[in-house]
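S.K.: Quick one, fold the following:
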Amino acid sequence: MNPSELNVDETPARPWWRFGMVWMVVGGPLIVVFASFITLYLAVTRPDPVTDRDYYEHGLSISHAPAEQARNHAQTGVPRAPVAP
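M.R.: Sure, this is the predicted structure:
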């Protein structure tokens, strides 16, 4: 069989970056990597503020009276009045 008789398309193949599906497959992970670098930059340049040096003492000084009263009331309950026979 003669090659001219074969129905072969002689046009050159398009480069890979001309196909839209390639950009859909590669684009998603590239966006995620780019966003991770932005997040890393923000985390390094804007650190969280340090808590108070005496945070433990500050926590102990907070009055928990209403919560403690409610807890104690729930645990002990109100004494019931004796029921008359």
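S.K.: where in the chain is pLDDT low?
M.R.: Counting by pLDDT under 70, the chain shows low-confidence ranges at 1-8, 59, 61-85.
S.K.: max-length helix in it?
M.R.: With DSSP state H setting the assignment, residue counts place helix 20-45 as the longest helix in the chain.
S.K.: which helices and strands does it pack with?
M.R.: Under the contact criterion of 3 or more CB pairs under 8 Å, 6 or more residues apart in numbering; DSSP states H and E, helix 20-45 touches no helix or strand at all. The C-beta positions use only the backbone N, C-alpha and C, and glycine is treated the same way.
S.K.: which residues sit against stretch 16-25?
M.R.: The contact list for stretch 16-25, computed with CB atoms under 8 Å, 6 or more residues apart in numbering, is empty.
S.K.: repeat for stretch 39-55
M.R.: residue 58.
S.K.: now do the same end-to-end measure for that stretch.
M.R.: Using CA to CA, to the nearest Å, one end of stretch 39-55 lies 29 Å from the other.
S.K.: Please apply the same query to stretch 10-21.
M.R.: 24 Å.
S.K.: List the buried residues in that stretch.
M.R.: Within stretch 10-21, no residue is scored as buried using 16 or more other CB atoms under 10 Å.
S.K.: residues near residue 45, how many?
M.R.: For residue 45, the neighbour count with other CB atoms under 10 Å is 7.
S.K.: hmm, back to that, check which residues of the longest helix of the chain are buried.
M.R.: Residues of helix 20-45 classed as buried: none (neighbour count, 16+ other CB under 10 Å).
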